[in-house]
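In: Below are the sequence and a predicted model for it; my questions follow.
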Amino acid sequence: MWTPLAATLLASLLLASCKGGGHAPTDPSPTCATDSTLCPPTPSCATDSTLCPPKPPRDCVADPVTFTHALIDPAFLKVVTPIGQVGGGNTEIIGRSYVFPRDEQAGNRLTLTAPADMEIFAAGHYIPPGAPTVAEGYAPDWVLLVDLGCGLHIELYHVKDVSDSIKSAMFDTSITDKSGYLQLRHKVKVAAGEPFGAYIKGLNSGAFDFILRGDSVTNHFANQARYESAPSNLLHVLCPYDLFQGGVKDSYYALLGTVSGIPIPGATCGTVERDMAGTPAGQWFLDSTIGTGLFPNTKDGDYGTPLPIVLGPDSTVYIGHMGPTGNIRVDRDNATWKDPGSVTGGWCYGFSDGWLWLKMERVDKMLAAYGGSGSCPAQFPNSGFKAYYR
């Protein structure tokens, strides 16, 4: 029997069938909105260095630059020279230290490592003026300019090889005929203790140059204006070995000595401030005016300018740029030896191939008379001398 209840039930079934389509409902696919593990990572400093906040500037007083690693293993070295010696072909007082490997290291590749975290920003590949050619056996040199931070910079000359990272950053690695250098495409960062180059003793080379400069350091001279007018490369130089720490520093200090390769016990790292007022000690010039500063180096017969006069670490008096050889040395056992810093009137130095009279006229003026043979005259000559100025 058909009843109203039956009709109602049938209508409900038909309606349900129409809404469901005859199939069970399905769950939607998981998305980032429903499952956070499916979301792409948010860029951060850890994944994108450009998003890192800038590092605060280094507090160079509380955290000064120090050298924690050797530039070159001291065990490989014969001697390192103090700064403030006579060099540059015996023409001037220099601010570099010469680093001499032991003779038995000739031909060996001696690794150079970063003494501290550093950035190399300029480099060059060259053969120094007057050096033999590559065909004659000379291995071209590299020069590197290094930023240590806190206003400190290293310069290295006569290095014999550099890392591939430095070469690839250079605009040009071809060999030039002078010790020029160019900015790199980008700075090459080298961590403390990381190798970055090498030196090879031999092939017409016996030492490389190690220079340290500090922007906050200003050296002083008898005539400061002369050194600041150019400016001089001596103005901001300092001893590179003082920044080394602990045993490494002790090892380098034990190697300080003469350019002839002899370590001198107790030698100090030196200074370029060699002028001693009222005495011959220090550096002198033929030109009384400041002009272009210290250079160019020139000779007027036997008399050169500048004229460097220095007491060496072995107490030898070193006089450069005077006479045909430009290299006068008066040893401590020479009867005419005298510390030039103690000469306030006049003094004559005698040596194997002549003599040199030095006479103070005033604090900033000195007369020099050179003789290429014989022994010291009893008095300062009346002619043939030159006037030198601070």
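Out: Structure received.

In: what about the nearest residue to Val363 once chain neighbours are set aside, neighbour count?
Out: Nearest non-adjacent residue to Val363, counting by C-beta to C-beta, 6 or more residues apart in numbering: Gly278, 5.0 Å away. Using the backbone N, CA and C atoms, a C-beta is placed for each residue, glycine as well. Neighbourhood size, Gly278 [other C-beta atoms under 10 Å]: 15.

In: does Gly278 sit in a helix, a strand or a coil?
Out: In terms of secondary structure, Gly278 is coil; the call rests on DSSP: H, G, I helix; E, B strand; the rest coil.

In: buried ones in stretch 72-88?
Out: For stretch 72-88, the buried set under the neighbour-count rule, 16 or more other C-beta atoms under 10 Å, comprises 72, 74, 76-87.

In: and the end-to-end length of that stretch?
Out: One end of stretch 72-88 to the other measures 23 Å (C-alpha to C-alpha, to the nearest Å).

In: among the buried residues of stretch 72-88, which two are most distant?
Out: For the buried residues of stretch 72-88, the maximum inter-member distance is 25.6 Å, found between Phe76 and Val86 (C-beta to C-beta).

In: quick one: low-confidence ranges for the chain?
Out: Applying pLDDT under 70 to the chain flags residues 1-27, 179, 203-204, 292-295.

In: so where do the helices sit in it?
Out: Ranges of helices in the chain, per DSSP state H, are 4-20, 164-169, 224-229, 246-253.

In: thinking again about what came up before, from the buried residues of stretch 72-88, which is closest to Lys160?
Out: Lys160 lies nearest to Ile72 out of those, by C-beta to C-beta, at 11.8 Å.

In: how near is the closest one to Gly89?
Out: Counting by C-beta to C-beta, to the nearest Å, the separation of Ile72 from Gly89 is 24 Å.

In: ok, Cys39 - contacts?
Out: Applying C-beta atoms under 8 Å, 6 or more residues apart in numbering to Cys39 gives the contacts Cys32.

In: Next: Val259.
Out: Thr81, Gln85, Gly87, Tyr98.

In: Let's see that with 10 Å instead.
Out: Val259 makes contacts with 79, 81, 85-87, 90, 98, 100, 206-207, 312-313, 318, as judged by C-beta atoms under 10 Å, 6 or more residues apart in numbering.

In: now do Thr258
Out: Contacts of Thr258 (C-beta under 10 Å, 6+ apart): 79, 81-82, 85, 98, 100, 264, 267, 312-314, 316, 318, 329.

In: Narrow these to those in strands?
Out: Judged by DSSP state E, these include Val79, Tyr98, Phe100, Tyr318, Arg329 as members of strands.

In: between the buried residues of stretch 72-88, which is closest to Asp161?
Out: So of these, ranked by how close each gets to Asp161 (C-beta to C-beta), first place is Ile72, at 12.9 Å.

In: Just to check, that closest one is in contact with Thr113?
Out: Yes: counting by C-beta atoms under 10 Å, Ile72 does reach Thr113; the two are 7.6 Å apart.

In: between these two, what contacts are shared?
Out: What both Ile72 and Thr113 touch, as defined by C-beta under 10 Å, 6+ apart, is the set Gly197.

In: Looking at the ones in strands among the contacts of Thr258, which two lie furthest apart in space?
Out: Top of the distance list for the ones in strands among the contacts of Thr258 (C-beta to C-beta): Phe100 and Arg329, 17.9 Å.

In: of the two, who's got more company?
Out: Remark: of Phe100 and Arg329, Phe100 carries more neighbours, 23 against 20, as counted by other C-beta under 10 Å.

In: What separation do you get for that one and Gly374?
Out: From Phe100 to Gly374 the distance is 35 Å (C-beta to C-beta).

In: can you check Asn233 too?
Out: Distance from Asn233 to Gly374, by C-beta to C-beta: 38 Å.

In: picking that back up, distance-wise, check the residue nearest to Val363 relative to Ala222.
Out: The value you get for Gly278 to Ala222, if C-beta to C-beta is used, is 9 Å.

In: Mutual contacts of the two, please.
Out: Joint contacts of Gly278 and Ala222 (C-beta under 10 Å, 6+ apart) are Val363, Asp364.

In: what number of residues lie near Leu256?
Out: 22.

In: coming back round to it: dump the contacts of Val259 to TSV, plus distance to His153.
Out: Conversion of the contacts of Val259 to TSV gives the following (distance: C-beta to C-beta, whole Å):
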residue	distance to His153
Val79	24
Thr81	20
Gln85	21
Val86	24
Gly87	20
Asn90	26
Tyr98	19
Phe100	23
Gly206	25
Ala207	21
Gly312	27
Pro313	25
Tyr318	27
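
In: OK, contacts around the closest residue to Tyr318 other than its chain neighbours?
Out: Spatially, and ignoring its direct neighbours in sequence, Tyr318 is nearest to Val86 (4.4 Å; C-beta to C-beta, 6+ apart). Counting by C-beta under 10 Å, 6+ apart, Val86 makes contact with 92-94, 259, 274, 283, 308-310, 312, 317-321, 326-329.

In: That'll do, ta.
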